[in-house]
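> Fold the following and give me the result.
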Amino acid sequence: MVLQKLADKRVYLPIVIIATCIGLTMVLGGMEKPPEEKVADDVAPLVKVEPIRFEPMQLSVTSQGLVKPKFNTQLVAQVSGAVTFIAPEFVRGGFVKKGQILAQIEAADYQSLVLEAKAALLSARASLQQEEALSAVAKDEWSRIKNRKPTALSLREPQLAQEQARVNAAEAALARAEKNLERTRIRAPFHALVETRDIGMGSYVNPGAPIAKVLSVSEAEIRLPVADNELKFLEQQGVGAEVVLRGQLEGEPAEWKARIIRTEGVIDEKSRMAYLVAQVLNPYGLAAPSEGDAPLDQKTHHALRFGSYVRADIKGMSLPKAALIPRHLVVEGQVPVLNSESKLQFKKVTTLRDQGVKVVVIDGVQDQDQLIVSALQYPVEGMTLRLPAVKSAPGSGPEGETVVAELAKSKD
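Okay, the predicted model is just below:
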């Protein structure tokens, strides 16, 4: 009997233990919290956008050139002699007034020639008067003779013509002598800057000897090369257009106003560029006295010096509506935009010209379209995109709360 009970315990005890373990496992399992469901991550690419802005636009054409005087004159001696006077302003870099005497060549010999010419003229006129009187006497005598016709010689007409010719020659000699006397004074042909001076006090010059080189300071000109395909952005090929010149003056940026006065009308054989000529009036800012021999005074330090290198912005045609878009975003004539459904859309645009690192767009997109300016690794039209989240302003929501940036709105 006892053995029978022990055998029953050996059979039922493992079953009880196993059942107990299963029950405990179920109880403990029921006490655990169910795992939280994970929110699917948004894998749409992040992009950065900027609104496209259409507004009136003034086009310009850029160029560059060197400032040169309109007139560049080499003065030469027209008579010979020693230099007896040099004006204080007649130095390299000096400003001289139109008509101002720069130098004087010894004039004594030329003054003597003038006196001789005057004396010869008086003598010729006296001979002419005498011959006129003799001719009048001859005519009177022949008027009393009725049966013969007088000849020109008997009326002293050849003698009278000879004396008249002598008077004319004497007048011409006097004019030439006075002109040579005036040529002993070397005068400035215009308001000028002295570039070089080739004479000194006491030096002897002959006709044709160089005296000086002077540059007109009344006007400056700049030849501006422009590509032929850029001329279409200028009205009347640029003639009359305003120009802003930019350069350096005493190490500081400076600007000057100019105007296009003409086009050279040909294409340069080497550069294949057209040339426009810009004019600057009074480039050195000089005040010319109204009378007297006072030298020119510089009233401003904002001088546009000859030989300066300047960049030019030529005012072109006006557009009623245009937008500037970075050039690298235009691929095969299309630009990427973010539409109202947060999807990538490529729009074909009409570009007018390049302007620096941007292009001028006149059609194909709308004002306030959201232009995608960040790079996309594998852009596919219609793919979903998202904008970066931005933090809310303080006090506008719970701490640490973020809001997703508002998606682009369509102009449609």
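> what about the helices in the stretch 151-300 of the chain?
Chain-ordered helices for the stretch 151-300 of the chain, with DSSP state H, counting those that start in this stretch as the definition, fall at 157-183.
> per-residue pLDDT, the most centrally placed residue in the chain?
The residue lying closest to the centre of the chain (CA atoms, centre = their mean) is Ala312, at 1.7 Å. Confidence at Ala312, expressed as pLDDT, is 94.
> quick one: it is in a strand?
Yes: with DSSP: H, G, I helix; E, B strand; the rest coil as the criterion, Ala312 is part of a strand.
> How about it, nearest residue that isn't a chain neighbour?
Ser63 (4.7 Å; CB to CB, 6 or more residues apart in numbering). Yep, even glycine has a C-beta here, placed from its N, CA and C like the rest.
> what residues are up against the one you found?
Residues in contact with Ser63, defined by CB atoms under 8 Å, 6 or more residues apart in numbering, are Leu224, Pro225, Val226, Leu276, Arg311, Ala312, Ile314.
> Hmm, Val239 is touching Ile260, no?
Yes: contact status for Val239 versus Ile260: in contact at 5.6 Å, counting by CB atoms under 8 Å.
> anything in contact with each of those two?
Applying CB under 8 Å, 6+ apart, one finds that Val239 and Ile260 are jointly contacted by Leu276.
> what about these two, which has more around it?
Ile260 (24 against 14; other CB atoms under 10 Å).
> That one pairs with what?
Applying DSSP bridges to Ile260 yields these beta-bridge partners: Ala278.
> what about it, distance to Ala389?
Relative to Ala389, Ile260 is positioned 54 Å away (criterion: CB to CB, to the nearest Å).
> Check the contacts of Ser63 for burial and list the buried ones.
For the contacts of Ser63, burial is judged from neighbour counts taken by 16 or more other CB atoms under 10 Å, and it is met by Leu224, Pro225, Val226, Leu276, Ala312, Ile314.
> where in this protein is pLDDT low?
Per-residue confidence for the chain (pLDDT under 70) gives these ranges: 1-14, 16, 23-24, 27-42, 288-301, 390-412.
> what sits against Lys358?
So Lys358 contacts Leu324, Ile325, Pro326, Arg327 (CB under 8 Å, 6+ apart).
> thinking the last one is in contact with Val360, fair?
If I follow you right, that is Arg327. No: the pair Arg327 and Val360 does not pass the contact test of CB under 8 Å, sitting 10.3 Å apart.
> Now for these two: what residues contact both?
Taking CB under 8 Å, 6+ apart as the contact rule, Arg327 and Val360 both touch Asp354.
> ok so, going back, ok now do the residue nearest to the centre of the chain, which residues does it touch?
So Ala312 contacts Thr62, Ser63, Gln64, Gly65, Ile222, Leu224, Val243, Val244, Leu245, Arg246, Ala258, Ala278 (CB under 8 Å, 6+ apart).
> how does it look with 6 Å?
Ser63, Leu224, Val243, Leu245 (CB atoms under 6 Å, 6 or more residues apart in numbering).
> which of the residues you listed lies closest to Gln355?
Closest approach between the contacts of Ala312 and Gln355, by CB to CB: Ser63, at 14.3 Å.
> Where does the closest one sit, in terms of helix or strand?
strand 55-69 (DSSP states H and E).
> Quickly run through the sheet partners of that strand, with directions.
Its sheet considered, strand 55-69 pairs with strand 219-227 (antiparallel), strand 309-326 (antiparallel) by DSSP bridges.
> Contacts for the first one, please.
The set of residues that contact strand 219-227 without belonging to it, under CB under 6 Å, 6+ apart, is 61, 63, 65, 67-68, 70, 273-281, 283, 312.
> do that again at 7 Å, thanks
61, 63, 65-70, 258, 271, 273-281, 283, 304, 306, 310, 312 (CB atoms under 7 Å, 6 or more residues apart in numbering).
> Show the buried residues in those residues.
Neighbour-count burial (16+ other CB under 10 Å) is assigned, among the contacts of strand 219-227, to 61, 63, 65, 67, 69-70, 258, 273-280, 283, 304, 306, 310, 312.
> Name the residue in Arg327 and Val360 with the higher neighbour count.
Between Arg327 and Val360, counted using other CB under 10 Å, the more crowded position is Val360 (18 against 13).
> can I assume that one sits in a helix?
No: in this structure, Val360 is strand, not part of a helix, as judged by three-state DSSP.
> ok, now which ones touch it?
With contacts defined as CB under 7 Å, 6+ apart, Val360 is in contact with Met57, Ala322, Leu324, Thr351, Leu352, Arg353.
> So the nearest residue to Pro51 once chain neighbours are set aside versus Gln58, what's the distance?
Leaving aside its chain neighbours, Pro51 sits nearest to Gln368 (4.9 Å; criterion: CB to CB, 6+ apart). Counting by CB to CB, the gap between Gln368 and Gln58 amounts to 22 Å.
> out of these two, which sits in the more crowded spot?
When neighbours are counted by other CB under 10 Å, Gln368 comes out ahead of the other of Gln368 and Gln58, with 14 against 10.
> The nearest residue to Leu102 once chain neighbours are set aside: neighbouring residues, count only.
Closest residue to Leu102 apart from its sequence neighbours, by CB to CB, 6+ apart: Phe90 at 4.3 Å. By other CB under 10 Å, 22 other residues sit near Phe90.
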